[in-house]
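# Below are the sequence and a predicted model for it; my questions follow.
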Amino acid sequence: AQSVTQPDIHITVSEGASLELRCNYSYGATPYLFWYVQSPGQGLQLLLKYFSGDTLVQGIKGFEAEFKRSQSSFNLRKPSVHWSDAAEYFCAVGAYGGKSTFGDGTTLTVKP
Amino acid sequence: KAGVTQTPRYLIKTRGQQVTLSCSPISGHRSVSWYQQTPGQGLQFLFEYFSETQRNKGNFPGRFSGRQFSNSRSEMNVSTLELGDSALYLCASSLGQSGTGELFFGEGSRLTVL
């Protein structure tokens, strides 16, 4: 069965600092990987996705993620965090029939 | 292009009642998935519909049901509500036939059971 682990429940960074959110997955085949962001009281918005090809993928709002098959990881990065990036971030593995599996999420707090 | 629309956004029910939530997917999307989000359990998959057929179902009791109409709009129903059903119910639509692609989420329906 597929699973997703986000080891960090809560991360605090200063505005302008770099960010890395960790994600590890378990999946039997080549995974479809996603990062979503959720602001309070809102639905989830896709940040970026990996299906195949280049292991470094670019997303919206200046985010990028790197797929490392050997480590079963798909970490999210941003070089310089803005206060508006404060939100909850979810890593997910897509599967047939819309049954995506989500990690428990990482809450990002941005210090001024 | 309009996004995924969920109604109602907020609702309060009492134990034992039933509730129906509605979801209109993005135009052209034929796959609709439902998720329950709670602080303790996170995002849990309820079920997915594609072309009016349920393709996949999560581990929820039979009190949770859904359907999809010919225009791809979907509804989910929860009968005999329990306190533990209080949650944000998220609907997501997807373009791909396999359903493995990216999900486009609505803003959710916040259900409170008293």
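Done, it's in. Numbers count the residues shown, from 1 in each chain, chains lettered A, B, ... in the order given.
# do stretch B:76-93 and chain A meet?
Yes. Between stretch B:76-93 and chain A, judged by C-beta under 8 Å from any C-beta of the partner chain, the touching residues are B:90, B:92. For glycine as for every other residue, the C-beta is placed from the backbone atoms N, C-alpha and C.
# Spell out which residues of chain A are next to chain B.
A:32, A:34, A:36, A:41-46, A:49, A:90, A:94-105.
# Identify the residues contacting residue B:36.
Contacts for residue B:36 were tallied using C-beta atoms under 8 Å, 6 or more residues apart in numbering or on different chains; they are B:43, B:44, B:46, B:60, B:87, B:88, B:89, B:90.
# Looking at the residues you listed, spot the one nearest chain A.
Closest approach to chain A among these (C-beta to the nearest C-beta): residue B:43, at 4.2 Å.
# Any idea what the closest one is bridged to?
For residue B:43, the beta-bridge assignment (DSSP bridges) gives partners residue B:37.
# Neighbour-wise, which one of the contacts of residue B:36 leads?
When neighbours are counted by other C-beta atoms under 10 Å in any protein chain shown, residue B:90 leads the contacts of residue B:36 with 26 neighbours.
# So which residue is smack in the middle of chain A?
What sits nearest the mean C-alpha location of chain A, by C-alpha atoms, centre = their mean, is residue A:35, with 3.6 Å.
# Quick check, it in contact with residue A:45.
No. Residue A:35 is not in contact with residue A:45 according to C-beta atoms under 8 Å; the separation is 9.9 Å.
# Show me where chain A has its strands.
A:3-5, A:10-14, A:19-21, A:24-26, A:32-38, A:44-50, A:56-58, A:64-68, A:73-78, A:87-94, A:101-102, A:106-111 (DSSP state E).
# which pair in the contacts of residue B:36 spans the largest distance?
Between any two of the contacts of residue B:36, the greatest separation by C-beta to C-beta is 15.0 Å, found for B:60 and B:88.
# Pull up the pairing partners for the lowest-mean-pLDDT helix or strand in chain A, direction included.
None of the helices or strands of chain A scores lower by mean pLDDT, DSSP states H and E than strand A:101-102, at a mean of 92. Partners of strand A:101-102 in the sheet, by DSSP bridges, are strand A:87-94 (antiparallel).
# Tabulate the CA atom coordinates of the partner strand in CSV.
Provided in CSV are the C-alpha atoms of strand A:87-94 (Å, rounded to 0.1, in the frame of the first residue of the first chain):
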residue,chain,number,x,y,z
ALA,A,87,0.2,27.8,5.3
GLU,A,88,-0.1,24.0,5.6
TYR,A,89,1.7,22.0,3.0
PHE,A,90,0.8,18.5,1.9
CYS,A,91,2.8,16.0,-0.1
ALA,A,92,0.7,13.4,-2.0
VAL,A,93,1.0,10.3,-4.1
GLY,A,94,-1.5,9.9,-6.9
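# Just the residues contacting it, thanks.
With contacts defined as C-beta under 8 Å, 6+ apart, strand A:87-94 is touched by A:2-4, A:6, A:21, A:23, A:25, A:27, A:31-40, A:44, A:47, A:74, A:76, A:100-103, A:105-108, B:43, B:99-103.
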